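Asker: would you be able to build a 3D model of this:
(one chain, ligands or ions: 1)
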Amino acid sequence: MICNSKFIFVTGGVLSSLGKGLASAAIGALLESRGLSVTIQKLDPYINVDPGTMNPFQHGEVFVTDDGTETDLDLGHYERFTHAKLGRDNNYTSGKIYHAVITKERRGDYLGGTVQVIPHITDEIKSSILRVADKVDIVIVEIGGTIGDIESLPFLEAIRQFKADVGKENVLYIHLTLVPYVGTAGELKTKPTQHSVKELRSIGIQPDILLCRTDRYLSQEIKRKIALFCNVGVEEVITAKDVECIYEVPLVFHNEGLDDRIVDILHIWTRAPRLEAWEQLIQRYKTPRHDVTIAIVGKYVDLTESYKSLNEALYHGGIANEARVQLKFVDSETITPQNCAELLTPADGILVPGGFGSRGIEGKICAAEFAREKKIPYFGICLGMQIAVIEFARHAAGMPDAHSSEFDPQTPHPVIYLMKEWLDEKTGTVQHRDVNSDKGGTMRLGAYPCNLSPDTIALRAYGMQKISERHRHRYEFNNTYAEKLQNAGLVISGTSPSGDLVEIIELREHPWYLGCQFHPEFKSRPMNPHPLFKSFIAAAVRQASARPRGTG
Ligand code: GLN
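Answerer: From the prediction side, this is the model:
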């Protein structure tokens, strides 16, 4: 098979959460810094067709790409670390693979044949990998799960076969393992790594490079031991040391010689890496001039993974303002009008993120009211914007029963509702929604255009009138109430080009109060912070400097 790309497969062993996604993203960044073009794909062994319907407690955030695919949160890392344009072909699950094969079987594509894991499922996996290839120099493919899981076997078999298909000089296997420091023995232990590599070799994959996650640098002696037992060169044993800031990972890998080894093994000639921008970023991150605290009022507060992109976007906004951003997660279910002030103090900014379901809604409304009245910068994202509209309708526009029909279908004032019919300006089709619509894949998803109004926080932040942002929601601002809310002081500062859909609202008599129907966090990058996050953190910095001493 002739293919213009080379392939790096990243697997993980010993245990999950070692940072395989980050490692893949950092490898992408390093290769880009040497002038190569990359794309990154995630293959997830679970059966869900996409993660859109999974509980964020289990799975973490659902990341949305421009083309409206609901994907694994690792794609967020890939986009933040590289310039790769990701979409539907960059994330495959077992469910999606099987769905494709079963659809073909029903259509009669395999008439007469027995449809099997090998070769039908493995062939489908290999075609899915090839779908993102050819247009880039390097395709990095991360295999979800941990070596030894039953469900990842078809993926591992497919990537094993892949080497024979495209030629051994075009394929590289990287395996991420753990080298724990055992306090009682006073030493680093290599056995888990040896076992994990043994398991990988038993299914026919000999890793070329080992990334060893550890809390300290591996000595040459330890590296030699790992190399001997795992059948790799000493140079191919890389310390993946814990870091304070995730954007240090490419630098740590580079110092360990990872990118040199990769280009060497894949027989690629490149320029020397240019990592100045990463170095400057870390420098800025580590020497802040201000400190701000942002209260995130949400439901999945126990698990910061649920708000991965959001947290990163806030840090990016911090780096842009030379501010250290402290996040204070407040469980909206615990907020009442009585304890609101106490729970949200000291916060220099309050953020209500996206969410689904009625749990904790009243607490979020309290937080929005507190921010509006006490003039604390407020940023409402998706559900957070809807909350701001409900709060304003109730307490500033004389509609005490206002609500979203998502949470109270009987409300006399559904200021947020399910728009029955709307023009999808992306596809040019009229979309229909009702309460019986399927839960999967019936949302307004992906990039939609938005026009900004003059003399608004939004326009000042973006510095341009036409923008495009990513969506993931079903409910919309109800235009029936637009006039009434505007007369009471609500500003509609962004709409769809036709004017039908309200995309941004804000308040004037307030230092910074803005809600957007889209998810700006998905497009923020460390080197290119999102304008709304940059502007919000700037407002929080002003708020913090105006705060009387000793109150935080
Ligand atoms: N639940 C709301 C809706 O469906 C908001 C969704 C979100 O915040 N992503 O419109």
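Asker: please work out the average pLDDT along stretch 272-282.
Answerer: Throughout stretch 272-282, pLDDT has a mean value of 95.
Asker: with only the CA atoms kept, save it in PDB.
Answerer: C-alpha atoms of stretch 272-282 as PDB (Å, rounded to 0.1, in the frame of the first residue of the first chain):
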ATOM      1  CA  ALA A 272      15.900  21.600  14.200                       C
ATOM      2  CA  PRO A 273      12.900  22.100  16.400                       C
ATOM      3  CA  ARG A 274      11.800  25.700  17.200                       C
ATOM      4  CA  LEU A 275      10.500  25.700  20.800                       C
ATOM      5  CA  GLU A 276      11.000  29.300  21.800                       C
ATOM      6  CA  ALA A 277       7.200  30.000  21.800                       C
ATOM      7  CA  TRP A 278       6.700  27.100  24.200                       C
ATOM      8  CA  GLU A 279       9.600  28.300  26.400                       C
ATOM      9  CA  GLN A 280       8.200  31.800  26.600                       C
ATOM     10  CA  LEU A 281       4.700  30.500  27.400                       C
ATOM     11  CA  ILE A 282       6.000  28.500  30.400                       C
END
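Asker: who's in contact with it?
Answerer: Stretch 272-282 is contacted from outside by 29-30, 33-34, 245, 247-248, 250-251, 254, 259, 319, 526-527, using Cβ atoms under 8 Å, 6 or more residues apart in numbering. (Glycine included, C-beta is placed from N, CA and C.)
Asker: pull out the buried residues from it.
Answerer: For stretch 272-282, the neighbour count (16 or more other Cβ atoms under 10 Å) marks Pro273, Leu275, Trp278, Leu281, Ile282 as buried.
Asker: identify the residue spatially nearest to the closest residue to the ligand within the stretch 151-300 of the chain, adjacent ones excluded.
Answerer: Residue nearest to the ligand within the stretch 151-300 of the chain: Gly298 (10.1 Å; Cβ to the nearest ligand atom). Once flanking residues are discounted, Gly298 sits nearest to Pro353: 5.1 Å by Cβ to Cβ, 6 or more residues apart in numbering.
Asker: any idea how far the ligand is from that neighbour?
Answerer: Separation of Pro353 from the ligand (Cβ to the nearest ligand atom, to the nearest Å) stands at 7 Å.
Asker: how about Glu373?
Answerer: In terms of Cβ to the nearest ligand atom, Glu373 sits 23 Å off from the ligand.
Asker: pick out the residue nearest the middle of the chain.
Answerer: Taking Cα atoms, centre = their mean, the centroid of the chain lies closest to Gly76, which sits 3.2 Å from it.
Asker: picking up where we left off before, so how far is Ala341 from the residue nearest to Gly298?
Answerer: Separation of Pro353 from Ala341 (Cβ to Cβ, to the nearest Å) stands at 21 Å.
Asker: just checking, what packs against the helix or strand Phe329 falls within?
Answerer: According to DSSP states H and E, Phe329 maps onto strand 323-331. Here strand 323-331 touches strand 290-298, helix 308-320, helix 531-546, going by 3 or more Cβ pairs under 8 Å, 6 or more residues apart in numbering; DSSP states H and E.
Asker: helices or strands up against the very next helix or strand once past it?
Answerer: Using DSSP H and E, the helix or strand that follows strand 323-331 in sequence is helix 340-343. Using 3+ Cβ pairs under 8 Å, 6+ apart as the contact test, the elements touching helix 340-343 are helix 361-374.
Asker: please save the CA atoms from the helix it packs on in PDB.
Answerer: Taking Å, rounded to 0.1, in the frame of the first residue of the first chain, the C-alpha atoms of helix 361-374 are listed here in PDB:
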ATOM      1  CA  ILE A 361     -30.300  25.200  38.500                       C
ATOM      2  CA  GLU A 362     -31.700  27.500  41.300                       C
ATOM      3  CA  GLY A 363     -28.200  27.700  42.800                       C
ATOM      4  CA  LYS A 364     -26.800  28.800  39.500                       C
ATOM      5  CA  ILE A 365     -29.600  31.500  39.200                       C
ATOM      6  CA  CYS A 366     -28.500  32.700  42.700                       C
ATOM      7  CA  ALA A 367     -24.900  33.000  41.500                       C
ATOM      8  CA  ALA A 368     -25.900  35.000  38.400                       C
ATOM      9  CA  GLU A 369     -28.100  37.300  40.500                       C
ATOM     10  CA  PHE A 370     -25.200  37.800  43.100                       C
ATOM     11  CA  ALA A 371     -22.800  38.600  40.200                       C
ATOM     12  CA  ARG A 372     -25.200  41.100  38.600                       C
ATOM     13  CA  GLU A 373     -26.100  42.900  41.800                       C
ATOM     14  CA  LYS A 374     -22.600  42.900  43.400                       C
END
